[in-house]
Each structure stands twice: as C-alpha cells, then as structure tokens.
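[1] coordinates only, sequence not included:
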C-alpha cells in the first residue's frame, strides 16, 4: 500500500535526490513546482523504496515514477493504488522515454495521447542571453525602449521580496482580479514567494524609478536545465517582459545549457509569445490510461 501525503518542506531533500536521479526535464518534476501548486491540484507524494510518487488528489491521476529501482514494480504498486479507488491507472506528464518504456513493457495495455498545450518550451541559454540575429530584432528593440527608463535589476533577496508580493497583487488588479484562473495563479505565486528561500528558488526583479515593475523566479530542473516558474511584469511598461527575461537569464542561468519556460496551456497569445523566443525544442508530454 502506498501512503500518499501532503507535500511538506521537510520532503525537499529526499524528493530532490530522487528527481535528480531521473533527470526529467518537465517543469512538473521539480519539488518547488509540486509544492506551490499542491493546493490547486490536491497534489500528494509518497516515497516507496527509492521511488518518488506524485498523485493528483483531485483527478486521481499519477505522474510517472521518478527515482531508481524496478520500474515495473513501481507501476504495479500504482496500479494497485488506482484499483483500490476503482479507477483505471492513468499517467500524465510523461516524457517520451517514459512513454516508450510503458508502451514496450505493457504492450496493448494503455492508450496514449499528447496535448500540445502542455508541452514545455525549452530554449538555449545563449539565445535568451544574447538575443543575436534578425529573429530577435523586435526583442532587442523592445528592450532598448525599456532601457530608456530609469531602471535597475536586482536579484530577489530577503530585503526586496516583499515588494515582489506587492507588485504581484497590483498586477492581479490590473489584469482582471475576478478571473478565477488568474486568482488561483496569484495564490501559487504568493506561496512561492512566501517559501522562496526554503525552496531554494532563484529570482530577479526590475525597478523603474525605484518601483518594482517586474519579477521572475524558478529553480534547477535537471543537471543542464533551469525552469522558470513565474514571470510577472506590468504590460503598460513597454519592454518590461523581454527585459526581465533577458536580465534574469544573464544574471542567474549561465550554468545551464537550457531554459525551460513551461507550457502555453493552449492559449493562443501565450503560444505566440513563447514561440517568438525561438525554442530549441519542445519537451513533449504524454498521457496514458489503462484500457
């Protein structure tokens, strides 16, 4: 029997050790993401031997196991857990290698699917840091316009993190505070800020005339990839979004080959914005449900 539990900060060390072993690049396979989104998805976790299990308490769906050991044994444990709830075993956010292993190990037992809206956008560090070439001409123009302001960049520290929370609240007011999705996201951002240093997040902010007008933060996803969980800027300040992206990548991400800027959730405007930064590849995600 798997004893699933709520995600707690005390789980961070063992969870990250097992996640690091699997080296999954998807944004969901980071401890910080799991922790800050748990209230939205009812996320629960468990350790069985050297496997890290993640389950959505709302949907009853599982992430593919992370860690080391006999993966077939791990899948059978999850199958038994689903059966106790009279559900078919269902996986979400699997990478391609995990999907192929499940398909080959359990031929004709699962039905597979993939949703483009939940693939992560992954970029070369050099592309986002340098913005070279004609394909980034418009980004450089927007950033140059931003640089005409009286601006400064700072890493997020205990001295300025409260200003990020204040800016996030103002951002919600300016972007339809009655929108349920934005309000839920705002709660996630606040949880990230409230637990920022305990989660070992790394972040940066921009000021204009002394006021925080943009901030961002994230964490290491794999040995070669940093994932950006949150990026907020006042759209009324021209160039603020590309500027915080560029400044943060240069300041905080030089040790990584790739930057994962997460999915577009099927939103056309967000997809257009993420494609405009020219991803080097999309981290594909697959779902599987027991037939």
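    That came through, no problem. Because the structure is a prediction, the values reported are computed rather than measured.
[2] Show me the strands in the stretch 151-291 of the chain, by range?
    Ranges of strands within the stretch 151-291 of the chain are 151-155, 202-208, 211-222, 225-233, 258-260, 281-283, 286-290, based on DSSP state E, counting those that start in this stretch.
[3] Buried residues in the last one, which are they?
    The reference is to strand 286-290. Buried residues in strand 286-290, counted by 16 or more other Cβ atoms under 10 Å: 286-288. Quick note: C-beta positions are derived from backbone N, CA and C, even for glycine.
[4] For those residues, give me JSON lines that also has pLDDT and distance to residue 118.
    Supplementary listing: those in JSON lines, determined by pLDDT from 0 to 100; distance: Cβ to Cβ, whole Å:
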{"residue": "286", "pLDDT": "98", "distance to residue 118": "10"}
{"residue": "287", "pLDDT": "98", "distance to residue 118": "9"}
{"residue": "288", "pLDDT": "98", "distance to residue 118": "14"}
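[5] Identify, from those residues, the entry nearest to residue 185.
    residue 287 (22.5 Å; Cβ to Cβ).
[6] Mind listing what's buried along stretch 86-100?
    89-95, 98-99.
[7] Tell me, how many residues neighbour residue 269?
    Residue 269: 8 surrounding residues under other Cβ atoms under 10 Å.
[8] same thing with residue 46?
    If we define neighbours as other Cβ under 10 Å, then residue 46 has 18 of them.
[9] cool, residue 107 as well?
    8.
[10] if I've got this straight, it is in a helix?
    No - counting by DSSP: H, G, I helix; E, B strand; the rest coil, residue 107 falls outside a helix, being coil.
[11] Look up how far residue 95 lies from it.
    20 Å (Cβ to Cβ, to the nearest Å).
[12] And the strands of the stretch 151-291 of the chain: which comes nearest residue 270?
    The nearest among these, by Cβ to Cβ, is strand 225-233 at 11.3 Å.
[13] counting contacts, what elements does the closest one pack onto?
    Applying 3 or more Cβ pairs under 8 Å, 6 or more residues apart in numbering; DSSP states H and E, we find strand 225-233 packed against helix 31-41, helix 161-174, helix 180-194, strand 211-222, helix 240-252, strand 258-260.
[14] Tabulate these in CSV, adding columns for distance to residue 272.
    Formatted as CSV, the helices and strands packed on strand 225-233 follow (distance: least, Cβ to Cβ, whole Å):
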stretch, distance to residue 272
helix 31-41, 24
helix 161-174, 20
helix 180-194, 18
strand 211-222, 20
helix 240-252, 13
strand 258-260, 18
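[15] Can you convert the ones you listed into JSON lines and add a column each for distance to residue 143, mean pLDDT and mean neighbour count?
    Below are those laid out as JSON lines (distance: least, Cβ to Cβ, whole Å; pLDDT from 0 to 100; neighbours: other Cβ atoms under 10 Å):
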{"stretch": "helix 31-41", "distance to residue 143": "28", "mean pLDDT": "96", "mean neighbour count": "20"}
{"stretch": "helix 161-174", "distance to residue 143": "20", "mean pLDDT": "96", "mean neighbour count": "16"}
{"stretch": "helix 180-194", "distance to residue 143": "24", "mean pLDDT": "94", "mean neighbour count": "16"}
{"stretch": "strand 211-222", "distance to residue 143": "12", "mean pLDDT": "98", "mean neighbour count": "24"}
{"stretch": "helix 240-252", "distance to residue 143": "5", "mean pLDDT": "98", "mean neighbour count": "22"}
{"stretch": "strand 258-260", "distance to residue 143": "17", "mean pLDDT": "98", "mean neighbour count": "24"}
